[in-house]
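Colleague: only the shape, not the letters, is given here:
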């Protein structure tokens, strides 16, 4: 019984949050990795792209709430998501047309593109703050829990409760759908295949008649969809604050690099690896250990390896270890 | 127009802008812009050393600046004897044990033959070392932090003059840069960028959370000054007399005097560093650096140790940022970790270097003054513009209130646009590299 309680506590405080967070990171890292694979630079504006997409979703959600459109138990933001994706696509295509394309034609060095993306980051960040302000915005509605801790306790009679938030469930479901669609697109459609070919070997792809501008356009469209979805899911699960998305940049990059830059599978694996390490290392294990260990040797302190304020340090250390011992990442990078 | 005339004219324009601030707004704000401009110029010199000379992409400037700020506290604050009694030795021993653990792991890693035995040994050393470290470290930290937590709760500093902190800040930043450079240099350039982004966040997290070190988010205030305080000046008869003779109110005169002394100090440091950077640029070493930047493969074929040179210049540039960080904290008189924002302390410096002209020291300095001026003045200008635009809207309309409120966020937008425009139309900056 105690072991069961330990297991429930572990799922409640570690596994479920980590799975949800990991899905959000994976979606973010997929965007970074796609841009790296096709456009060949690390996009520093990605966090703010997520914030921009999520901002449109917040605004549309507010409008829908005000006219009474809703999804019942599900958050209205899911209805707003397609509009947000469209808005974000328009925004990214516009930045590509006005900013990035020039440097692509010049065949500028990747590091120049990184600096350019820094400028785009400034502008996006400024726009988001300009439109919605720097504050905390709430836009989730609908049912809060799929199972609340109290119901779970009543159902099973265990001492520990297991709560699954609606947003966590939605995050995982939506992420799975997104990833499935992405892989279907990359592996089965003509455009997807041309994208992979372009990422593998640019010259060979050009020779075989692939239109690079088309590939780049599709990449931005997919990245917009992924970034907006990730941003909205993160905002629903936690709360929407523009600067938080900037801070997500580090774990997202860490996920993409740990998995191998340019490898979509790697980005997903990296996202979960980073999320689980962050949660496992910053979780106070006392509760689980008290249940799991025999009496007498349970810990006296919190049994927390690092305080939660250092969660960035966790992703960073994992990043460093991977860079030192396997610079191409867990999955060989550089291919889509 | 010859080059030197043009450059002098550009500097004159910036000087004119600052003077204009003095006449239009107040001399206090003009001197504020000047002082922070001088410090920004030093940071820009550091970034220019890394980017302009060597092509290294460092987006962790904030971290090195914060380390400099930490140095100001550690060097100049008075030690807290009670805290040292309660847990000072424990903290130091704990830190030494932690360092010894890492050192032992690295030694085992490099000495033992590759294989499962080595992995097990390294993991065992790290786990056991971590447990011992926490056992020693945690109680001492608690003891230190419980000493008079409202005002102290930390170990304090060495009680030395604050000017000593400037070079020490440079040393601290250099140490951190060495560690990060050792791991991330020699890999692809993007990796250095992400590694430095990470180290900066971690340095800030450490300063925010390790209360025993510098009180964390509770801030350290009252860092000693290298010169007299305003209130003492106002009570000095000779100073009041001089002020009256010039025709200034003694209160205003004292604030101006303090700011001017800071300006002089900062100017000395800036000129010294600028002179050194110029000497370096035109030495064989500087030419070698630029050769490496322009073609690493060719430079390596000529027998240059690219990774070592990169490490060298990365450490030097970061040290300069550390010095500037210590100077900022000295100017503010307090260490407030919450104010370290990457947009302000990392990316803004990059805008300065790129707008001024990467690879040219004078360009970096000019860019620093110009961009800092814009950064300060864009907000009032934006507010004024918003009021102009919205003047047609009815009083009390939501849109008008929102637009005027949003003027505060004009800064980021403007900086981004300036950066993109310069990169696109004048990628070599205002004063290009020769």
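Modeller: Done, it's in. Note that the structure is predicted; figures quoted are calculated from it, not measured.
Colleague: three-state assignment of whichever residue of the stretch 251-400 of chain B sits closest to chain A?
Modeller: Residue nearest to chain A within the stretch 251-400 of chain B (C-beta to the nearest C-beta): residue B:347, separated by 5.9 Å. Bear in mind the C-beta positions are built from the backbone N, C-alpha and C, glycine included. Here residue B:347 is recorded as helix under DSSP: H, G, I helix; E, B strand; the rest coil.
Colleague: what about the closest residue to it other than its chain neighbours, neighbour count?
Modeller: The shortest distance from residue B:347 to any non-neighbouring residue, by C-beta to C-beta, 6 or more residues apart in numbering or on different chains, is to residue A:118 (5.9 Å). Look at residue A:118: counted by other C-beta atoms under 10 Å in any protein chain shown, it has 25 neighbours.
Colleague: how near is residue B:418 to residue A:206?
Modeller: To residue A:206, residue B:418 is 35 Å away according to C-beta to C-beta, to the nearest Å.
Colleague: for residue A:306, helix, strand, or coil?
Modeller: Applying three-state DSSP: residue A:306 is coil.
Colleague: can you give me phi and psi for it?
Modeller: phi -140, psi 150 (degrees, to the nearest 10).
Colleague: and residue B:429, by the same measure?
Modeller: phi 90, psi -180.
Colleague: pretty sure it contacts residue B:365?
Modeller: No: between residue B:429 and residue B:365 there is no contact under C-beta atoms under 8 Å: 11.7 Å.
Colleague: what helices or strands is the helix or strand of chain A with the lowest mean pLDDT leaning on?
Modeller: One helix or strand of chain A scores below all others by mean pLDDT, DSSP states H and E: helix A:286-292, with a mean of 80. Under the contact definition 3 or more C-beta pairs under 8 Å, 6 or more residues apart in numbering or on different chains; DSSP states H and E, helix A:286-292 sits against helix A:2-10.
Colleague: closest to the centroid, which residue in chain B?
Modeller: Note on chain B: the residue nearest the mean C-alpha position is residue B:65, at 2.6 Å, using C-alpha atoms, centre = their mean.
Colleague: for residue B:333, give me its contacts.
Modeller: B:221-223, B:225 (C-beta atoms under 8 Å, 6 or more residues apart in numbering or on different chains).
Colleague: no wait, residue B:273
Modeller: Residues in contact with residue B:273 (C-beta under 8 Å, 6+ apart) are B:42, B:45, B:320, B:323.
Colleague: can you say which helix or strand has it in it?
Modeller: helix B:250-281 (DSSP states H and E).
Colleague: any idea how far that helix is from the chain center?
Modeller: 16 Å (C-alpha atoms, centre = their mean, to the nearest Å).
Colleague: if you count neighbours, what's buried in that helix?
Modeller: B:250, B:253-259, B:262, B:265-266, B:269-270, B:273-274, B:277, B:280-281 (16 or more other C-beta atoms under 10 Å in any protein chain shown).
Colleague: what do you get for stretch B:156-172?
Modeller: Applying 16+ other C-beta under 10 Å to stretch B:156-172 flags B:156-157, B:162-163, B:165-166, B:168-170, B:172 as buried.
Colleague: contacts for it, please.
Modeller: B:67-80, B:83-84, B:223-226, B:265, B:269, B:319-320, B:322-323, B:325-327, B:329-330.
Colleague: just the buried ones from those?
Modeller: For the contacts of stretch B:156-172, buried by 16+ other C-beta under 10 Å: B:67-77, B:80, B:83-84, B:223-225, B:265, B:269, B:319-320, B:322-323, B:325-327, B:329-330.
Colleague: mind checking the SS state of residue B:63?
Modeller: helix.
Colleague: re the thing from before, quick one: name whatever helix or strand follows the helix holding residue B:273.
Modeller: Taking DSSP H and E, what comes next after helix B:250-281 is helix B:284-294.
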